Structure formats: structure tokens, C-alpha cells
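> Show me how the following folds:
(chains A, B and C)
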Amino acid sequence: MTEQSPNGNGRALLEVKDLKKYFRVGREALKAVDGISVEIKKGETLGLVGESGCGKTTVGRVLVRLYEPSGGEIFYNGDDITKVKGQDTKRLHRKMQMIFQDPQASLNPRMVIGDSIAEGIDIHGLARDKRERLERVHELLETVGLNKEHANRYPHEFSGGQRQRIGVARALAVDPEFIVADEPVSALDVSIQAQVINLMRRLQEERSLTYLFISHDLSVVKYISDRIGVMYLGQLVEMADSDELYENPLHPYTRALLSAVPVPDPDYETERERTVLQGDLPSPVNPPSGCRFRTRCPQAVEAAAHVEPEWREIKPGHWIQACPCFA
Amino acid sequence: MAAAMNGDNNLQVKDLQISFTTYAGEVQAVRGVSFDLRRGETLAIVGESGSGKTVTAKSLMRLLPEANTLIKGGEAIFEGQDLLKLSEQRMQKIRGSKIAMVFQDPMTSLDPTMRVGKQIAESLKKHLGLSGQRAKERAVELLTLVGIPNPEDRVKQYPHQFSGGMRQRVVIAIALACDPQILIADEPTTALDVTIQAQILELLRELQEQLGMSVILITHDLGVVAHTAHRVAVMYAGKVVETGTLREIFYNPQMPYTWGLLASIPLPTADRSQELIPIPGSPPDMLDPPKGCPFTARCPYSMRICADEMPEYTTFSREHKAACWLHHPMAPNVEPPVRVGGAR
Amino acid sequence: METRRPELTPDLFEQIEAGLQDSERIVGPPIGFWRDSWTRLKKNRGALVGLVVIVAVIVVAYAGPLLSPYTPFGQDLARRFSVPSSQFWFGTDEFGRDMWNRVWIGTQVSLYIGFLAAFLDLVVGVVYGAISGLFGGRVDDVMQRGIEILNGVPYLVVAILAMLVLSPGIITITIAIGLTSWTYMARIVRGRMLQLKEQEFALASRSLGANRARLLTKHLIPNSLGPMVVNLMFTIPLAIFSEAFLSFIGLGIQPPDTSLGALINEGYKELRFHSYLLWFPTAVFSLLMLSFNLLADGLRDALDPKMRK
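Residues are numbered from 1 along each chain as shown, chains lettered A, B, ... in the order given. All right, here's what the predicted structure looks like:
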């Protein structure tokens, strides 16, 4: 796959080439991620959107080494990390961290949150003694807007928004450069979502963090991301700067997705044009041949079933999976 | 859309009060909720977790667990009767035939061991006395109505053979089987993908126009509200804090919680450099709800009186009411945050 | 619904700083898992009674014999079949042996069996299940087949075989139990491992760089303690019952050693004329079984996180 040209404001921190991740389901392979190539620049927030089964969560987990890739290559700061093991993996864990979706399940219910936050510190030996460890935990708690006294409490004593902030503190404890945020606000109330999003933005500025922001909520993604990639059935179908993607969506799936999101603005809703997709999402175990979107695409042509679409940079910085309909 | 609002009332809820007894004490989930539902309109009840919206909806259908639910007061008048005081026998005649409900999770709303056609026919049999061939024909009609292709084949299938969106359509078909006057939809699209959500919302809108039923839509998603509702009631901590028409709530909200909700949502049309304005803190604990206005602790405009006394409703127009001390003549003038009102 | 309107003075409408720090504060002491479970357990009368009875039985089982001047094995044929009296509190058996002593010595043996089974559950069952569940894949497949083979052989057959090969007695029973009783615990722990290792907090730990050992000891096992403890509490009466059954049919403890099961067997033979020989061991046995089951039931409810609030 061809490399993307950098936008000019930063070198690539993470580069992924033709990444694949297949899961064995009985006899068949579930092609969760099937050939993704993307570059994430230092200091940017790349948003990754898509619906269920598109593979975005899997991408995040492969990057953080929770899963081993089935194919393709991953480069971090120029180094090939596709096949790291052992101590090298541990080093990577300090650089790349993850924030999880479910505030209920992402904290060990039997551990006080001070210990949960300090886990990274313990594993990598980042504090010399108990006092330093406690100091760091307090610092982190205050960074995310909680009190020092909270360190001795159990997760169930906190609200969803607070728990997500604890998750952020835990990820920050090892001083990472790159954070994968996997649906970090989807399970929160709307008014609380804004708290966590603002926190993440502030931290990014203060600590020069790079984010991969995975979500199905397009409004949130558009707000926080510099660039957005749209996934469908394990592949990227379009990628561009946030504003560009919203103003000029080219791929029919992107168009349909944007059109489907209800906007909290009644006049806008009444006046807008909508493309409502028909049919259901095909199964990732047996995706349609050729262009995977053809079964629901309003513009599908016969040739779409036989030709593998190409990932092309159609305008500077605007990539698209070009199917025959685009000729 | 405007015509619907001039109809008469289908349902009148007055001062509903519901608590749950738990081993930790009494949880006051709903504390004096009143609203009307007009014929042919969609009323959206909006609120976040803990606001009491789902409890309100379930109480209208009397679906709350008897063992620890206390209906402490209020009435829900439908066709001249108070739904809260009817016997279980009479409620069963109303549920599914005159008032129907659609729940959030299509995975668990259907019986996995029963064919879909049979589940639809259950309602037909019980309330309309249809049986056998006639019931089956009607089931197929209903599946067609909700947009399921090949209904003659699909009526014999089991729920697991349907996708999430299709299952929700089946659930809607069951709800509509006996031509109900009122449909209560509790977060009907929250568990679905965005493109499927769009399909279901379109379907609900078409059906409402076709069948002329009234819909109570419970949701936390203001986008969904903007798309489908005629009138809106905003709930917080067990109370209705503001009601009004769709445009009134979105373009001229009069209560700081509503401002907060609108200001904290990223609009795709908005400027990315502007920070979102979250509502700090968390909703209050319903075991020990605050004495005065429940939003006081998180409200940037709170005054001394807010903590002590519940504000009364101020009426702004025929439909528009809000409960906030800021509208009292003695209160200072405040401007809502810039992002709110006339957002376009 | 009109409440009396207070006097509305202008000062009430001054703006104040809302007490936001308060809304982040958490009142009360930290509620740990065990403390919370204990509170819930205390509310369950049956479980509390069970616990008290178990403790009482254990205490008496060891202290009881010391209170009596007699021994469990001393025969006095002149006193055979004495009815319970102030001299022989539980009466004597066909050899004139003091039943008070014998019943409590028998209880000691039964308790030993029960706790042995529990110990093996912990040491073998938990470790086996944890490794099987955590590693998954091939390792899991092989280990599960192993369990299935062990389970395929009925406990009774193992006991009889052991009896034939080795001399019957307490060692034999120990081996029979040792080979079979831990498999259920292994299955339970394995199930929990499979469930927990995909939960987000386990994933978070792995993404922080935790190795398997850390994952197991700090995250997975502590979150499995609930089902483990409950299972242990059910294992004990089950083991006691199994041994009692074996002894009842003559395959277990051989005289002059005794256990509750053996005593019940002997007492059963004399039911017609000397029924007291049956009632005392049966009473103790039933008390033990009932109490452990009540406690286990109560623990299961108390430790189940879904039943909070």
C-alpha cells in the first residue's frame, strides 16, 4: 500500500501498513481488520469511526499489543514493532496506552483506585518507594480533577464520569506518548461526556499526546479529531481532515453515515437531505467480494463485485477507497 | 407537524410520585411529574441517567416491580380512567392493545424460543380474538408495515435469524398489532448502529403519520429529539424542569439545565476551537434528594433561594414552561451561554 | 399541593457559589468488598445460625472428649449398651465404649475429611482451573480432557479400587477424595478465568505491561473469590457425606477407628433396642450438613455483586 504524504506539521509517530487481524471462529476466519494503512502524526488526534463490526476497536487493540497482528506491519517512531516480544513489548507499553469504554468494567472492583492508577508505576518500577508512589497517584488524581482522598475508595463508589477520569489517570501514570481512546465517552451521559472530552484535550496540549480516538459518535469525533478515518467491514473507506470530511464526503458510505446522524438542531434536521441506507450490515466472516459496501450502496454498479477497490489519495490529504463507481 | 399540537389530550399525567424501597433506604425516582400527551403528537421526554424518565414510562404501563415500588401519588388519566389505580386485570386489557411499549434492547425484547409470527399473533389473539389463519395474515401485514422484506417467509423465523435493526422492527410490529392509541418508546434506537437508527426513526415517523397515534419517546439523545419530536419535556432528578415545543426548547430554552445540555453537545457545524461547556459534577443521589431545586449544586447561576425552595413553573407561552428561580421578578437578569439559542 | 409560601426577600436572590467540591466528595468510609459482604451475610439468619453451629460443633468436637473421664476405645463389657445417663452422657455401645467420646472422635474424623477436601480444592482445583482458563487454547483443551477422564470414573469405583489395593482406612479415603473432589472447583475457576480475562480491567492491566502472574494474583483470583468460597463451603459437607456413605456401607473407616458414618452404621444395626446409638451421631451429622449448606447458601447470596443494593 502506498504511504501517505505527511501534512507538513509533524513527522509520523505511528505508521501502519496493510494491517490485518483475523479471528478464528470455528472453521472460518472473522476478518476483523483486513488491510488498513494509515499514518498517525505526532501530536495529532486521528479519529476512527464506523459502526459495529467495522473493526475499529480491533485496530486499537492491535496497536496497544493486546492482540497480535495477523498480517501487515506496524512502525513506531520509525522502528518496526510488528513482531516485538518480551522486554521490548514491555517498553512499548510505556509509550502506548489505552483508555477503555465501559466505566463499569474497566476498573478492578476489588482494588482501591489508588492501586489501579498505580499499576503502571508498579509494573515498570517508576517510583522508588511508597511515598513517591503515593505522591504520583495524588498528582494524577488532581490532574484529572479528583481529590487526593479518593485514592482509598473502591470503583463502585464513583460515578461513570469519575471512573472514566480514573481510567485516564491510570493511562497517564506511565507517561505515554500515544493513547488509544476506545469509545471513551460513549457510555457516559451527555453532560458528563463534555467533562471527559475537555480533559482529554487539555492533557493533549499539556503533554504533547497523540490520540487515536475511536468512536461511533460522529459529532464527538469531529469535534476532537484533526483527521478522521471511516471504516467499514474491516477496511478504511475514506480518510481526510475533519472539516474536509464533513464538507466534502466522497465515499457513499461516509455520505450515508453523516446523513444518518441526527443533529440537535430542529431546523437543520427538517431541511437537510437524508440518504437512508437500506439493508443490514453484512457479516465480517463473509464480506461481499470486491467493494464491500456494494450490497447497500445506492450507486453500486455490476463491476463492484469483481474489482478490489484501491486506496487512493484523490485530493491532497483526502484518501478514499476508490471503487469502480468512481471512475 | 404543527397540526398535531392542537389536538385534545390523549393522556394526562399529574404530579406523579414514585419511589423504590431498597435496603439502603427509599429512592425517590419520580418526584411530582406532570405532562400531557396530545393526540397524534410525539412527546419526547429527555433526561440523563437518574432523571426518572424510564421509571415514568414504565409506571404508565404499570410495569414496575410490585415488591419494592411505591406509587406515592399522582394520577395518569387515560380515557377517563386513572391508569395508576386500575387493577392488574384491567391493565392487561390496556397493555398491548390501547397503549403499547417498545423497549431499548431488541436482543432481549423478543422470546428467543418462539417464532416471530407467533409472538405477533399472541397480542392479536388476546386482544382482538383473532386466531389461526386470520392472525397469521395480520402478522404478515404488520411485518410489511414495518418494512421487513419477504414477510411471508420471515414470519416463520426465530428472533436470532434477524439482525438488530430487523428485530426492533419486529418489536414495533408487535406493539402496533392492535392499533394502539399511544406508543411508548423507551430509547428505541440507543442500542442500534447509526445507519440503522436512521431507518427506525424514519419508520416511526411514517407510522405515526399513517396511523395517527401519539408517541412518548424517551431518550437522552437530543439529536433524536430534534429529528422526531413535536414537544419536549426535560427531566432532571425526578422532576420535569422544562417543557415546550421543539423549537422553543432548542432555540429559546429558559432553564440552566437545558442550557447546559445544549451547550455540552458538540454540533457538527460548530467551531472546533471553542471548548465544550460541560455541566460540572454529577446528578444528585436520589436516596437523599436536595430540598430545593435539584440542579442547584451544578448550576452556575444558583442563588440562595435555589437550595431551599423548589421553584414554581413560569409560563412563557401556551406550551412553554420552566421551573427556575431566575424567572422570578426579584432575580437578576442572566444571559444563556452563547452556544445556546439560535445555534444556527 | 400548595405549600405555604415563605417570605421572598431580595437577599434570597443573590447569586452564590454552588458547593461543587461537595458534589465530588464521597461520604462515609470506604466500603470494601468483604465488609459489604459480611454486612449482607449478617442479615441472613439462616447463614448466621449455620456459622454459629459449625463453630460450636468444632469446639465441642475437640473439647468434648477432654471433659469426659472415659476414652473412645476403652471397653467395659459390664457396661455394654448403657442408656444415656449422668455417667455416660451419650450411653455406651456394644463393647461398653463411651459414646460421648466416640461421637466426638468420629466428628473429628469427619471434619478432617471435609477440610481435607476443601484444602485439596484450593491447592489443586484452583491452580489447575486457573492455569487451564488463563492459558486457554491447547493447554486448556488438554487439561479439560484430563478432568473429563477423572470425572468419568465414579467416585465409588475409585474408593473400592483404593480399598482393594491399599488397606482401607483414613489414608485410603484421603486418596480417593484427593483424586476426585477438586474437579468441580477447577471447572468453576476455569469458567471465571475465561469470563474475566476479556473484561476491560484485565485488558487494561495487560496493556500496562502486566505479565500473567500479576494478572492472575492481582486481578483474576481476587475477583473469583466469591464463587471459590461458596464452592468450598459446599465441598465440605459433600465430602463428609461421601465418607459417611462409604463408612455406612462398610468401605470406609474400619474399627476401632470411627467416623460419623461408621457410627451411624453401627447405630442403625441396633436401632430396634438401642436407638440412642443412632440418634446422637445422626443428630451431629445432620447439624453439620445443614449448617454448612445454610452457610454456603448465605455466602453465595452475600458475595454476589449483582445483589448489592
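
> Check the spacing between the closest residue to C:Gly250 other than its chain neighbours and B:Val33 real quick.
Excluding its sequence neighbours, the residue lying closest to C:Gly250 (Cβ to Cβ, 6 or more residues apart in numbering or on different chains) is C:Asn265, at 7.2 Å. In short, each C-beta sits where N, CA and C put it, glycine included. Distance, C:Asn265 to B:Val33, by Cβ to Cβ, to the nearest Å: 69 Å.

> more neighbours, these two?
For the pair C:Asn265 and B:Val33, the greater number of neighbours falls to B:Val33 (25 against 21), based on other Cβ atoms under 10 Å in any protein chain shown.

> do the longest helix seen in chain A and chain B meet?
Among the elements of chain A assigned as helix by DSSP state H, the one spanning the most residues is helix A:190-207. Yes - Helix A:190-207 reaches chain B (Cβ under 8 Å from any Cβ of the partner chain) through A:190-195, A:197-198, A:201.

> what bits of the stretch 51-200 of chain C have low per-residue confidence?
When the per-residue scores of the stretch 51-200 of chain C are filtered using pLDDT under 70, no range remains.

> How about the closest residue to chain B within the stretch 1-150 of chain A: what's its closest non-neighbour residue?
Relative to chain B, the nearest point of the stretch 1-150 of chain A is A:Glu51 (3.9 Å; Cβ to the nearest Cβ). Of all residues not flanking A:Glu51 in the chain, B:Asp193 sits nearest, at 3.9 Å (Cβ to Cβ, 6+ apart).

> Show me which residues of the stretch 51-200 of chain C sit near chain A.
Counting by Cβ under 8 Å from any Cβ, the residues of the stretch 51-200 of chain C lying close to chain A are C:199-200.

> which bits of the stretch 51-200 of chain B sit near chain A?
Along the stretch 51-200 of chain B, the residues adjacent to chain A under the rule Cβ under 8 Å from any Cβ are B:163, B:165-166, B:193-199.

> that older thread, next, the residue of the stretch 1-150 of chain A closest to chain B: secondary structure please.
coil (DSSP: H, G, I helix; E, B strand; the rest coil).

> For A:Pro282, see how far away it is.
As defined by Cβ to Cβ, A:Glu51 lies at a distance of 12 Å from A:Pro282.

> B:Leu183 now?
31 Å.

> out of those two, which sits in the busier spot?
Under the neighbour definition other Cβ under 10 Å, B:Leu183 and A:Pro282 were set side by side, and B:Leu183 has more, 23 against 17.

> thought that one was touching B:Ala177?
No - taking contacts as Cβ atoms under 8 Å, B:Leu183 lies outside contact range of B:Ala177: 11.5 Å.

> So for these two, which residues contact both of them?
Contact with both B:Leu183 and B:Ala177 is made by residues B:Ala100, according to Cβ atoms under 8 Å, 6 or more residues apart in numbering or on different chains.

> count of neighbours near the residue in the stretch 51-200 of chain B positioned nearest to chain C?
Ranked by Cβ to the nearest Cβ, the top residue of the stretch 51-200 of chain B for proximity to chain C is B:Gly73, at 9.1 Å. Number of residues near B:Gly73 (other Cβ under 10 Å) recorded here: 16.

> Can you classify the residue nearest to it when sequence neighbours are not counted by secondary structure?
Residue nearest to B:Gly73 in three dimensions, not counting chain neighbours: B:Gln17, with 4.2 Å by Cβ to Cβ, 6+ apart. Per three-state DSSP, the local secondary structure of B:Gln17 is strand.

> distance of B:Gln17 from chain C?
Relative to chain C, B:Gln17 is positioned 10 Å away (criterion: Cβ to the nearest Cβ, to the nearest Å).

> And B:Ile277, by the same measure?
With the distance defined as Cβ to the nearest Cβ, B:Ile277 ends up 15 Å from chain C.

> By neighbours, which of the residues of the stretch 51-200 of chain B next to chain A wins?
B:Ile196 (26 neighbours).

> show me what contacts it?
B:Ile196 sits next to A:51, A:280, B:164-165, B:168, B:189 when contact means Cβ under 8 Å, 6+ apart.

> give me that answer again for 10 Å
A:51-52, A:260, A:276-277, A:279-281, B:106, B:163-166, B:168-169, B:189 (Cβ atoms under 10 Å, 6 or more residues apart in numbering or on different chains).

> Identify each buried residue in the helix or strand containing B:Leu142, please.
Secondary-structure assignment from DSSP states H and E places B:Leu142 in helix B:132-145. Along helix B:132-145, these residues count as buried under the neighbour rule (16 or more other Cβ atoms under 10 Å in any protein chain shown): B:135-136, B:138-140, B:142-143, B:145.

> again with stretch C:149-166
For stretch C:149-166, burial by neighbour count (16+ other Cβ under 10 Å) applies to C:155, C:158-159, C:162-163.

> ok now it, how far from the chain's centre?
On the basis of Cα atoms, centre = their mean, to the nearest Å, stretch C:149-166 sits 23 Å off its chain's mean C-alpha point.

> was I right about A:Leu134 contacting A:Arg128?
No - shown here, A:Leu134 and A:Arg128 do not form a contact pair, counting by Cβ atoms under 10 Å, at 11.8 Å.

> Pull the number of nearby residues for A:Ser106.
Using other Cβ under 10 Å, A:Ser106 has 26 other residues around it.

> B:Ser109 too?
In terms of burial, B:Ser109 registers 18 neighbours under the definition other Cβ under 10 Å.

> Could you do the one 3 residues further on as well?
B:Pro112 sits with 9 neighbouring residues when counted by other Cβ under 10 Å.

> Also A:Val263?
Residue crowding around A:Val263 was assessed by other Cβ under 10 Å; the count is 21.

> Look up the closest residue to it, ignoring the ones flanking it.
B:Gly223 (5.4 Å).

> Show me what the helix or strand encompassing that neighbour packs onto, helices and strands only.
Here B:Gly223 is covered by helix B:222-228, with elements defined by DSSP H and E. In terms of contact count using 3 or more Cβ pairs under 10 Å, 6 or more residues apart in numbering or on different chains; DSSP states H and E, helix B:222-228 is assigned the packing partners helix A:266-271, strand B:42-46, helix B:194-211, strand B:214-219, strand B:231-236, helix B:246-251, helix B:256-263.

> Where does pLDDT dip in chain B?
Along chain B, the parts satisfying pLDDT under 70 run over B:1-7, B:338-344.

> ranges for the helices of it?
Under the criterion DSSP H, chain B carries helices at the ranges B:53-60, B:88-94, B:106-109, B:116-123, B:132-145, B:151-154, B:164-176, B:194-211, B:222-228, B:246-251, B:256-263, B:304-308.
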